[in-house]
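Trainee: sharing a model that was predicted from the sequence below.
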Amino acid sequence: MKRFLMAVFVLLAFSLSYGETIVVASDVWDGRVNEDHSGLYIDILEAVYANAGYTFEYQIVPYARSVAMVQNQAADLFVSSYYEEAEGVLYSAKEMFFDADVVVAVYPDNMEFSGQADLAGKTVGWMRGYAYDEYLDVEVKLYEIDNRENGLKMLQHGRLDYFLEAKSDIEAIDKSLLEGLDVTILLQLHLYYAFANNEKGQKLLQIYQERFPVLLESGEIRALYEKWGFDYLW
């Protein structure tokens with residue numbers, strides 16, 4: 001009976017959604033969200049809401065702005081949030097992550113690095129709007145960065161001790177920016193879509209929670225990972 005009622009709810013949500021637009025706010029992550037609105041995370045979203053009558057509008061903006069847009073209900077969801085990272089938005093069940101960030105520490109190659117303890121009390125940079133401090137066991141002197149290339153240059157000029165970033169983003173940049181630097185894996189954090197805290201966001205979240213497990217079981221999510229050449233998590 002519970003499954004029947006859930007199916008009825010989702011069918012009703014589908015029937016009410018025709019003609020509506022889902023406004024998606026996202027930063028660019030190479031191969032995951034591209035400037036041309038292609039990518040793995042886009043394909044997953046469009047598979048979840050396929051045949052539900054929605055169209056998509058993509059706003060490519062810096063990550064911090066994407067969060068603010070959903071908090072202010074200027075967009076319906078933002079992409080690539082850590083679990084309950086942002087306040088005033090809606091998250092799926094914790095087990096319904098769609099990817100994971102492997103977070104690396106970047107640092108001068110004349111320094112040794114053995115883990116989080118080495119970050120304690122040091123000047124550590126990461127992109128503005130990221131919340132890595134919530135996942136660290138030590139206190140650091142935070143320096144928020146607006147441009148990752150500038151962050152790496154600050155490392156090279158001794159203005160930062162460490163720079164934390166997603167492994168995928170470090171792999172995608174010009175390799176000349178890593179000259180004289182080492183990279184070591186620090187954390188692995190699951191990623192989620194975060195929805196506006198309003199009636200429409202609740203409806204979109206409900207559809208996601210119903211559809212995403214179905215796509216996992218059918219193999220469609222695996223096929224999308226293979227299409228874009230990323231490691232499948234499940």
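Mentor: Structure's in. What do you need?
Trainee: quick one, helices of this protein?
Mentor: Applying DSSP state H to the chain gives helices spanning 2-17, 40-48, 63-71, 148-156, 167-172, 199-218, 220-228.
Trainee: nearest to residue 25, of the ones you listed?
Mentor: helix 63-71 (3.7 Å; C-beta to C-beta). Using the backbone N, CA and C atoms, a C-beta is placed for each residue, glycine as well.
Trainee: leaving aside the residues adjacent along the chain, what's closest to the most centrally placed residue in the chain?
Mentor: Closest to where the C-alpha atoms of the chain average out (C-alpha atoms, centre = their mean) is residue 80, at 1.4 Å. Among residues not flanking residue 80 along the chain, residue 191 sits closest, at 5.0 Å (C-beta to C-beta, 6 or more residues apart in numbering).
Trainee: now do the contacts for the one you found.
Mentor: 80, 81, 82, 97, 98, 99, 100, 101 (C-beta atoms under 8 Å, 6 or more residues apart in numbering).
Trainee: grab the longest strand from this protein for me.
Mentor: Counting residues, the longest strand found in the chain (DSSP state E) is strand 181-196.
Trainee: flag every buried residue along it.
Mentor: Along strand 181-196, these residues count as buried under the neighbour rule (16 or more other C-beta atoms under 10 Å): 181, 183, 186, 187, 189, 190, 191, 192, 193, 194, 195, 196.
Trainee: how about JSON lines for those, with pLDDT and distance to residue 206 added?
Mentor: Output for these, formatted as JSON lines (pLDDT from 0 to 100; distance: C-beta to C-beta, whole Å):
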{"residue": "181", "pLDDT": "96", "distance to residue 206": "45"}
{"residue": "183", "pLDDT": "96", "distance to residue 206": "40"}
{"residue": "186", "pLDDT": "96", "distance to residue 206": "35"}
{"residue": "187", "pLDDT": "93", "distance to residue 206": "30"}
{"residue": "189", "pLDDT": "91", "distance to residue 206": "25"}
{"residue": "190", "pLDDT": "95", "distance to residue 206": "20"}
{"residue": "191", "pLDDT": "96", "distance to residue 206": "20"}
{"residue": "192", "pLDDT": "98", "distance to residue 206": "15"}
{"residue": "193", "pLDDT": "98", "distance to residue 206": "13"}
{"residue": "194", "pLDDT": "98", "distance to residue 206": "15"}
{"residue": "195", "pLDDT": "98", "distance to residue 206": "10"}
{"residue": "196", "pLDDT": "98", "distance to residue 206": "13"}
